[in-house]
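K.L.:
Can you look at this prediction? I've put the sequence above it.
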Amino acid sequence: MKTKLHLVTYLVVFLAIASVPVIMLAAGPEQNMEQMISAAKSKADHEALAAHYEAEAKQALDIAERHQRMEKNYRVLETGSKGPKFSIHCKNLAAKYRGAAEENRKLAELHHQMATQATE
């Protein structure tokens with residue numbers, strides 16, 4: 001009974017922690033990003049967008065690393081347990097955030113390239 005209570009407690013804590021970064025990423029980008037993208041013509045415009053995507057990449061990578069550490073902690077808790085396997089969720093989230101970081105880095109690089117080609 002006590003083990004089940006601990007697992008439920010860990011699940012609640014995990015879900016609370018895991019949902020915060022997703023909410024932050026969804027709410028984080030400025031509301032005018034669409035306008036910035038549409039209006040980007042000058043070197044400064046593209047460099048500003050590149051900086052934004054570089055910051056997004058860093059944030060996603062930080063979250064991925066946190067989930068990777070959480071995965072290791074959950075694996076220790078799961079040893080010998082027939083209960084839920086939280087570690088796989090952390091592993092999957094870490095991979096998704098690393099993927100998001102890579103995509104943001106690619107967008108940043110494209111905007112750096114566009115900045116070098118801008119006439120203004």
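P.N.:
Received the coordinates, thanks. Residues are numbered from 1 along each chain as shown.

K.L.:
For the one helix or strand Glu103 maps to, name the packing helices and strands.
P.N.:
Using DSSP states H and E, Glu103 falls within helix 86-117. Judged by 3 or more C-beta pairs under 8 Å, 6 or more residues apart in numbering; DSSP states H and E, helix 86-117 is in contact with helix 2-27, helix 43-78. Placement of C-beta: from N, CA and C, glycine included.

K.L.:
Determine the angle, from 0 to 180 degrees, between it and helix 43-78.
P.N.:
Per axes from the mean of the first three to the mean of the last three C-alpha atoms, to 10 degrees, the angle that helix 86-117 makes with helix 43-78 is 170 degrees.

K.L.:
Show the average pLDDT along helix 86-117.
P.N.:
The pLDDT scores in helix 86-117 average 97.

K.L.:
And it, how far out from the chain middle?
P.N.:
8 Å (C-alpha atoms, centre = their mean, to the nearest Å).

K.L.:
between the helices and strands packed on helix 86-117, which gets the lowest average pLDDT?
P.N.:
helix 2-27 (a mean of 52).

K.L.:
What's the first helix or strand after that one?
P.N.:
Following helix 2-27 in sequence, per DSSP H and E, is helix 33-39.

K.L.:
Residues contacting that next one, please?
P.N.:
Applying C-beta atoms under 8 Å, 6 or more residues apart in numbering, the contact partners of helix 33-39 are 30, 45, 48-49, 52.

K.L.:
now stretch 41-51
P.N.:
Counting by C-beta under 8 Å, 6+ apart, 36-37, 39-40, 107-109, 111-112, 114-116, 118, 120 sit against stretch 41-51.

K.L.:
change it to 10 Å
P.N.:
33, 36-37, 39-40, 105, 107-120 (C-beta atoms under 10 Å, 6 or more residues apart in numbering).

K.L.:
How about stretch 91-110?
P.N.:
18, 21-22, 25, 46-47, 49-72, 74-75, 85.

K.L.:
Spatially central, which residue of this protein would that be?
P.N.:
Ala60 (2.9 Å; C-alpha atoms, centre = their mean).

K.L.:
if I look at that one, how far off is Asn92?
P.N.:
14 Å (C-beta to C-beta, to the nearest Å).

K.L.:
Alright, that wraps it up for me.
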